[in-house]
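>>> Below are the sequence and a predicted model for it; my questions follow.
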Amino acid sequence: MNKVELEKIKVKALQEHIPIIMDDTLEVIAKILQEKQPKRILEIGTAVGYSAICFSEYLADEGIIDTIERDEERIEEAKKNFVKAEVAGKIILHEGDAVEILPTLNEKYDVVFIDAAKGKYPFFLSEALRMLNDDGIIIADNILYKGYVMSDYNKHKQRTAVRNLREYIKETTENPALDTEILEVGDGLAISRFNNWGRGKKLKWEKGTVLFSHFWEFGTVLYWVGNFYTKNLSLWGWC
Ligand SMILES: C[S@@+](CC[C@H](N)C(=O)[O-])C[C@H]1O[C@@H](n2cnc3c(N)ncnc32)[C@H](O)[C@@H]1O
């Protein structure tokens, strides 16, 4: 990767007020990627390609990043930037709305990075879970959205975004298949890892007995029943 060009891309993006990943957020993600050396990363929200270029440094040999962007000007700039940074061979840019593109993808990903329309985070999560590898990680940026998400903020046009970010946090923290931490770096970062339960792997019992479990299926059923109850039955006044 050409680091001189990368720095120029960053400076230009900041000058033009393109929202790119913050330094402290990048530092946290870089550590995760360094450890993981992913073969395949999915990024939702390319902008001008800055984060994808940074992530490409941590890919395993022959690793690939799929990244999705819908803004035409940013798409053109991202394409040029991938060439300038000498990483064009490692990044596939999908042009269009992630809501339409995601259902057409069927790869398996080691890491999914969500950094696009906040109102669509729950949908992005369900698509990420569908394509995540057994030991995969989902990372979502801007999850605390200027502090609105954890306050009693409930007004004007950001309301849908705030509601959907809260739903994302609820789903990732309550899903028994995921271990999720929310970090107060940048604008808030949610990191969710599939756990043993999520992988449906055998669990070791205290006395050394190996418990071959169907906990994954059981946990998932409980999770959806709970969700259905909270969203529907309790609203209709059923117990
Ligand atoms: C915060 S920026 C991404 C920054 C980039 N990840 C980085 O750190 O360099 C979010 C980008 O997502 C794009 N975006 C938002 N919603 C989208 C959607 N539904 N489909 C595709 N792109 C979307 C926006 O056009 C914007 O360029």
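Nice, I can see it. Residues are numbered from 1 along each chain as shown.
>>> contacts, neighbours, all on C-alpha from now
Noted.
>>> Any buried residues in the longest strand along the chain, and which?
If you go by DSSP state E, the chain has its longest strand at strand 132-141. Buried positions in strand 132-141, judged by neighbour count with 16 or more other C-alpha atoms under 10 Å: 132, 133, 134, 136, 137, 138, 139, 140, 141.
>>> I figured the first one was touching residue 106, is that so?
No - applying C-alpha atoms under 8 Å, one finds residue 132 not in contact with residue 106, separated by 10.1 Å.
>>> For residue 194, give me phi and psi.
With angles defined as degrees, to the nearest 10, residue 194 sits at phi -60, psi 130.
>>> related to what we said a few turns ago, quick one: which of the buried residues of strand 132-141 has the lowest pLDDT value?
For these, the weakest pLDDT value sits at residue 134, with 90.
>>> Correct me if wrong: that residue contacts residue 197.
No - between residue 134 and residue 197 there is no contact under C-alpha under 8 Å: 10.4 Å.
>>> Kindly report the residues of this protein close to the ligand.
By the rule C-alpha under 6 Å from any ligand atom, the part of the chain lying against the ligand is 19-21, 45-47, 49-51, 68-71, 96-99, 115-117.
>>> Just the buried residues out of those, in ChimeraX syntax.
A single ChimeraX command is used to select the members of those judged buried by 16+ other C-alpha under 10 Å:
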select :20,21,45,46,47,49,50,51,68,69,70,98,115,116
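>>> Please save the CA atoms from stretch 7-23 in PDB.
Coordinates of each C-alpha in stretch 7-23 appear next as PDB, following Å, rounded to 0.1, in the frame of the first residue of the first chain:
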ATOM      1  CA  GLU A   7      -2.300  10.400   3.800                       C
ATOM      2  CA  LYS A   8      -3.200  12.700   0.800                       C
ATOM      3  CA  ILE A   9      -6.500  10.900   0.500                       C
ATOM      4  CA  LYS A  10      -7.200  11.500   4.200                       C
ATOM      5  CA  VAL A  11      -6.300  15.200   4.100                       C
ATOM      6  CA  LYS A  12      -8.500  15.800   1.000                       C
ATOM      7  CA  ALA A  13     -11.400  13.900   2.500                       C
ATOM      8  CA  LEU A  14     -11.200  16.000   5.700                       C
ATOM      9  CA  GLN A  15     -10.900  19.200   3.800                       C
ATOM     10  CA  GLU A  16     -14.000  18.300   1.800                       C
ATOM     11  CA  HIS A  17     -15.900  17.300   4.900                       C
ATOM     12  CA  ILE A  18     -16.300  13.700   3.700                       C
ATOM     13  CA  PRO A  19     -17.100  11.600   6.900                       C
ATOM     14  CA  ILE A  20     -14.200   9.100   7.200                       C
ATOM     15  CA  ILE A  21     -13.300   6.900  10.100                       C
ATOM     16  CA  MET A  22     -11.800   8.600  13.100                       C
ATOM     17  CA  ASP A  23      -8.200   7.900  14.100                       C
END
